[in-house]
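Asks: Following is a predicted model, sequence given first.
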Amino acid sequence: MMWVQRFWLRLQTLFRRNRNRQQLDDEIQFHLDQQIAENIAAGMNPQEARYAAMRTFGNPTFLKEETRDTWGWTWLERIGQDLRYGIRTLAKSPGFTAVAVLTLAIGIGATTSMFTILDGVVLKPLEYPDADRIVAINTAWTVGGENSLTTGGDLQDIRGVDAFEAFTYYNGGEMGVQLSRGAVYGGVFVVDPYFFRVFAVPPIAGRTFLADDAGHSAVVSAGFAKDNFGSISVALGQTVGIDNTLYEIVGVMPPMFQFPRQAQVWAAVSPIPFNRNRGGYNYHSVAKLAPGVSVKNADAQLASLGNRLAAEFPDSNRNKIFTARPLQGQLSTPVRAT
């Protein structure tokens, strides 16, 4: 346990440094005086005796520094000295200090915020099974430009592309939800019954949608269930009102699932969009690629579909095709430029 004793001695030295310095000075002076007395007794005069003692004993300042270094943790003492000096200097210039602290705070805050966003959206993989197979479907024009929205009429044709194992559309955002005790606001999205098949994330209570759930069933987030019904289990079977339509809660999703955009409520609607106009871009859509199908393969099939629809509907689909983009890349696009 020698290392424990050494550690304890060094710790004592750190907090009793002034006392130890005085003891060291006194000890060195005692030995010098003793050597001088011996030299005088040998027949030297006091001045010669002192010089001879100094030559024999060595440089006292150097000896003191060498001894202090053996006490340990001198680096910590130097850091403390630098900090005290820095604090005294800053205290003399309060204006400069305020600017320096504010600059550091803004720099650290901005860096932390950007890394949090990058880590959550760009660096960290999506927490869905087979996330690399999930793609967002965009509308693109051969004359330039791309849109993350799709028309209701086009969705019906895109759904039949062989490259997809599952396909879904959604629409919504921040809106009111009617509860028995009043209305609350949150992220509400209408989705077709195949929405959760794309992501394959199981609920923590209840179930996700079945094909015949359109128009009367909803799934909510764990946070929404706890905030508005007290617990996840109590939320099941409760009714929520969205746009004058009542939906029964059939499932609760885990906290990690909040797609899209901090969603809290997903209401099932018909797989056939209400607005099937090919000129109204009202819907977002995502799909899961079939096993073995690459994004490039899906793009080729979508481009072929776009060319066919352009021939069939020249007024609305001229120069228009569709593209598949990896979902993580689509989500991180607004962040990457920043």
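Replies: Okay, I see it.
Asks: Just confirm Pro202 is within a strand.
Replies: No: assigned with DSSP: H, G, I helix; E, B strand; the rest coil, Pro202 falls outside any strand and is coil.
Asks: so how far is Val219 from it?
Replies: Pro202 sits 11 Å away from Val219, going by Cβ to Cβ, to the nearest Å. Backbone N, C-alpha and C define where each C-beta goes, glycine included.
Asks: Of the two, which one has the most company?
Replies: Val219 (28 against 13; other Cβ atoms under 10 Å).
Asks: thinking again about what came up before, residues shared between the contacts of Pro202 and Val219?
Replies: With contacts taken as Cβ atoms under 8 Å, 6 or more residues apart in numbering, Pro202 and Val219 have Thr208 as neighbours in common.
Asks: Just the CA atoms of stretch 269-286, as PDB, please.
Replies: The C-alpha trace of stretch 269-286 is given here as PDB (Å, rounded to 0.1, in the frame of the first residue of the first chain):
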ATOM      1  CA  VAL A 269     -57.800   7.000 -43.900                       C
ATOM      2  CA  SER A 270     -58.600   5.300 -47.200                       C
ATOM      3  CA  PRO A 271     -55.700   4.000 -49.300                       C
ATOM      4  CA  ILE A 272     -57.400   5.900 -52.200                       C
ATOM      5  CA  PRO A 273     -56.700   9.700 -51.600                       C
ATOM      6  CA  PHE A 274     -59.700  12.000 -51.200                       C
ATOM      7  CA  ASN A 275     -58.200  14.400 -53.700                       C
ATOM      8  CA  ARG A 276     -57.200  12.400 -56.800                       C
ATOM      9  CA  ASN A 277     -56.400  15.500 -58.900                       C
ATOM     10  CA  ARG A 278     -53.100  15.100 -60.700                       C
ATOM     11  CA  GLY A 279     -52.400  18.800 -60.400                       C
ATOM     12  CA  GLY A 280     -52.700  19.200 -56.600                       C
ATOM     13  CA  TYR A 281     -49.500  18.300 -54.700                       C
ATOM     14  CA  ASN A 282     -51.000  17.400 -51.300                       C
ATOM     15  CA  TYR A 283     -49.400  14.200 -50.100                       C
ATOM     16  CA  HIS A 284     -46.100  12.900 -48.900                       C
ATOM     17  CA  SER A 285     -45.300   9.300 -49.600                       C
ATOM     18  CA  VAL A 286     -42.800   6.700 -48.400                       C
END
